[in-house]
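1. would you be able to build a 3D model of this:
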Amino acid sequence: TPLNDYIRYPSNINLVRENLDKWVKLANEQGWWKPIRITPTCLSILHLDTIYEYAYERNVTVESCNFLEDPDYLRISILDDTLRQKAAARLENWIDSKKEKLEKKVVNIRNPDFATQQILQDAKSYVHYLNAQTKSTGVQELVAFLKLLESNRNNSILDYLPEYEEFLRTAGY
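-> Residues are numbered from 1 along each chain as shown. Got it, this is the predicted structure:
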């Protein structure tokens, strides 16, 4: 989504998608393994389903590198319960929208025959993670970080994540 343009400023999501599509096409032609590696943050977690959908449509595995811990203010755990539940529900709805049933175990994630299962399992890992989290501190630091970024960019996170307005405003945004 255009949220990518904010997070990876000054990228352009249309150009990013175009380049990814070229990469996927070349990888398919060459028989290469083609993972997308992700490390979601508190800013990207609400739209994580869009990455899984992109990958699912193209049979590209999604490999979670890690659950982000540093910096503290970008951790998913700083989100309030409402936003974490909303993110978990979006991922759960995306998983449920697939006709394929989620299996318990993927034997070899590099086998393209298992790519869709791997994607579903990776998405499910974030549902579990979101549901297990308890709120941590760092929202004021996140707001300070966003204000600093935006002072140089002349944009606002709320243009990309209007769902975060109450959450951020209560912390001084």
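2. give the buried residues for the lowest-mean-pLDDT helix or strand in the chain.
-> Each helix and strand of the chain was given a mean pLDDT (mean pLDDT, DSSP states H and E); the minimum falls on strand 62-64 at a mean of 88. Applying a neighbour-count criterion of 16 or more other Cβ atoms under 10 Å, one finds 62, 64 buried in strand 62-64. Where C-beta positions appear, they are placed from N, C-alpha and C, glycine not excepted.
3. ditto for stretch 121-140
-> For stretch 121-140, burial by neighbour count (16+ other Cβ under 10 Å) applies to 121-123, 126-127, 129-130, 133, 138-139.
4. coming back round to it: what mean pLDDT does the very next helix or strand once past the least confident helix or strand of the chain get?
-> Downstream of strand 62-64, the next assigned helix or strand under DSSP states H and E is helix 81-97. Averaging pLDDT along helix 81-97 gives 96.
5. from the middle of its chain, how far away would helix 81-97 be?
-> Centroid separation between helix 81-97 and its chain, computed with Cα atoms, centre = their mean, to the nearest Å, is 12 Å.
6. dump the residue contacts of the residue nearest in space to the middle of the chain.
-> By Cα atoms, centre = their mean, the mean C-alpha position of the chain lies nearest to Leu48, the distance being 3.1 Å. By Cβ atoms under 8 Å, 6 or more residues apart in numbering, the residues touching Leu48 are 38, 40, 87, 90-91, 123, 126.
7. how about these, which pair is most distant?
-> Ile38 and Arg90 (15.2 Å; Cβ to Cβ).
8. next secondary structure element downstream of the host helix or strand of Arg37?
-> Per DSSP H and E: Arg37 is located in strand 36-38. As assigned by DSSP H and E, the chain's next helix or strand after strand 36-38 is helix 48-58.
9. convert that following helix to CSV, retaining C-alpha atoms only.
-> C-alpha atoms of helix 48-58 as CSV (Å, rounded to 0.1, in the frame of the first residue of the first chain):
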residue,chain,number,x,y,z
LEU,A,48,0.8,-7.0,6.7
ASP,A,49,-2.0,-8.9,5.0
THR,A,50,-1.3,-7.0,1.7
ILE,A,51,2.3,-8.4,1.6
TYR,A,52,1.0,-11.9,2.2
GLU,A,53,-1.6,-11.4,-0.5
TYR,A,54,1.0,-10.2,-3.0
ALA,A,55,3.2,-13.2,-2.2
TYR,A,56,0.3,-15.7,-2.2
GLU,A,57,-0.9,-14.6,-5.7
ARG,A,58,2.6,-15.1,-7.0
